[in-house]
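K.L.:
Fold the following, please.
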Amino acid sequence: MKLLLLVVVVAAGGTALYPVWSDAHQPPPELTVRYKAGAPATAAAARPWLEIVNTSDHRVSLGDVALRYYYTADGPSPYAFNCVQASTGCSDIVGKSVAMDTPSPTADHYLEITFTKAAGTLAPGAKSGAIGLQLYRPDGGKLNQSNDRSFSPAHDTFQASKLVTGYVDGRHVWGDEPDGGAADSSASPSSAASPSAAASASARGSAAPAVRPAPPSGIMFDDFHYSGPGDPALHAHGWLVRTSEGGPGIRNTWSAGGVSFPADKDALGGQVLQLRATTDGTRQGTTQAEVHTTGMKFVTGTYAARIHFNDRPTSGANGDHINESFYMISPHHRARYSELDNEYQPNGGWGAPGPRLDTTTWRSAVEGDRVTRATDSSLDGWHTMVTTAAHGVVTYSIDGKVLYRTSGGYYPTENMSVNFNTWFVDLPFTGKRTWDMQVAWFYHNAERAQSLPEVQKAVSGLAGSGTSYVNTLGTP
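P.N.:
Residues are numbered from 1 along each chain as shown. The predicted model follows:
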């Protein structure tokens, strides 16, 4: 009898201890997601910083990885995303906001992050490095993150967080989903091929992300997903809001206040770059707006932009000699110089009537050596501008119609920046007025001249894959 009792006690103790033993002997998760809160609970933009750690015993391709950050939307405005920094490069990161089929009290949306194949692989034990992300409302409304499932103000340094979920090839391998779904750390990589595993993943909404090819080399594309002129992603992506002195136009009146990124449901990507110039007829009451690239990586190839020109002011009386511009320019005014201009003046300027578009190619700013062609017609509304420089010829076109081709030596020879601006040629009368120009997207192919259909196909392909920004130009 005593022997039987001892056996029962030992068996009972073993049963009680089994969960502890089992937990201690579970294989490590295939990857671990670490999180750091980059913004307070109330902020203009949420800034979840994430890091992936490969805690498996095999290499993991980032192209097979998806991360989900859960939040509760504030107000009716859609949310937008951008990438501030990543060791892989923001060009290899794609994000999208998804409304959940079954909301929870702390999550009705998630931001899903995926990677292109060019992001590479993580060896066992390797880390992705910090992935700096932003979520914001294009209408400018502030966010309340206190009811966001994945937000944690206590995470002021990188720490593992199971409130951010991770997937490899569609398998839920890290974190806790809002519906209570826990990661399966025992799943092997080959289990993704199992129909039952795939069905289970699909039921939880964690189907494998689409395989995204590496972006083409030698291009830049941006559809201007930014929260404002001070957005750190704007500078990280190679753009600068001008506040420096000088011309053109009314000198020393450049202001960041004229730069914004309003929502536009009809524009590609849902946002536009808006450049606003204002005046009351005095220099002191005038502001002009410009955004230009920080790098001088641009020489030949294709330059394209989708631009909304305006023939009338947004407010105030008409009649200003306003200049709405898209151009490329080298940094120094010297004998060896390059500039490719598209300047639209709805009311004319410099003694010439409007509306007109000046397309100008400079060879020497010092000597005033240039060739130009004026197109006398209204461009009020949306247009696609394409300027190409290839085989010694610069070609200017609008909506697929060739306006002008240079000849001789009028061809870029110096590295240039890309510039968008709105400015006043002069101030002919008093009274308050406001002028706006919008840009939906910019695209550059450094390797060849492309026609409008080729540009549209490239831009549609990038936007269709969820890409808002890419830059594979490399170092000049």
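K.L.:
What's the first helix or strand after the helix or strand harbouring Leu462?
P.N.:
Under the criterion of DSSP states H and E, Leu462 resides in helix 452-464. Toward the C-terminus, helix 452-464 is succeeded by strand 469-471 as the next helix or strand (DSSP H and E).
K.L.:
circling back to that earlier point, how far away from the center of its chain is the helix holding Leu462?
P.N.:
16 Å (Cα atoms, centre = their mean, to the nearest Å).
K.L.:
List the buried residues for that helix?
P.N.:
Leu452, Val455, Gln456, Ala458, Val459, Leu462 (16 or more other Cβ atoms under 10 Å). Any C-beta I mention is one placed from the backbone N, CA and C, and that applies to glycine too.
K.L.:
can you check stretch 129-136 too?
P.N.:
In stretch 129-136, the ones that count as buried by 16+ other Cβ under 10 Å are Ala130, Ile131, Gly132, Leu133, Gln134, Leu135, Tyr136.
K.L.:
Just to check, the third one is in contact with Cys83?
P.N.:
Yes: taking contact to mean Cβ atoms under 8 Å, the distance of 6.9 Å between Gly132 and Cys83 places them in contact.
K.L.:
quick one: contacts for Ala126?
P.N.:
Under the criterion of Cβ atoms under 8 Å, 6 or more residues apart in numbering, the neighbours of Ala126 are Val53, Asn54.
K.L.:
That one and Tyr167: what is the separation?
P.N.:
Ala126 sits 18 Å away from Tyr167, taking Cβ to Cβ, to the nearest Å as the criterion.
K.L.:
what's the helix holding Leu462 in contact with?
P.N.:
Residues from elsewhere that reach helix 452-464 (Cβ under 8 Å, 6+ apart): 215-216, 219, 221, 223, 268-269, 302, 304, 384, 386, 397, 399-400, 441, 443, 445, 450, 470.
K.L.:
What of stretch 276-295?
P.N.:
With contact meaning Cβ under 8 Å, 6+ apart, stretch 276-295 is reached by 235, 238-242, 249-250, 253-255, 257-260, 273, 275, 314, 320, 322, 417-424, 427, 429-436, 473, 476.
K.L.:
In strands only, show me those.
P.N.:
Among the contacts of stretch 276-295, the members found in strands (DSSP state E) are 239-241, 259-260, 273, 275, 322, 417-424, 433-436.
K.L.:
before we move on, the earlier item: and which of the buried residues of helix 452-464 is nearest to Ala390?
P.N.:
Proximity of these to Ala390 (Cβ to Cβ) peaks at Val455, which lies at 13.7 Å.
K.L.:
Can you name the next helix or strand after the helix or strand bottoming out on mean pLDDT in the chain?
P.N.:
Within the chain, no helix or strand scores below helix 195-203, which has a mean of 37 by mean pLDDT, DSSP states H and E. Going down the chain from helix 195-203, the next helix or strand is strand 219-222, by DSSP H and E.
K.L.:
Would you check that Arg448 makes contact with Ile219?
P.N.:
No: counting by Cβ under 8 Å, Ile219 is not a contact partner of Arg448; they are 10.4 Å apart.
K.L.:
Give me the more crowded residue out of these two.
P.N.:
Using other Cβ atoms under 10 Å as the criterion, Arg448 and Ile219 rank with Ile219 on top: 20 against 12.
K.L.:
re the thing from before, any of the ones in strands among the contacts of stretch 276-295 buried? List them.
P.N.:
Buried residues within these, counting neighbours by 16+ other Cβ under 10 Å: 239-241, 259-260, 273, 275, 322, 417-424, 433, 435-436.
K.L.:
circling back: can I get the buried residues of stretch 129-136 in CSV including pLDDT?
P.N.:
Formatted as CSV, these follow (pLDDT from 0 to 100):
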residue, pLDDT
Ala130, 97
Ile131, 97
Gly132, 97
Leu133, 97
Gln134, 97
Leu135, 97
Tyr136, 97
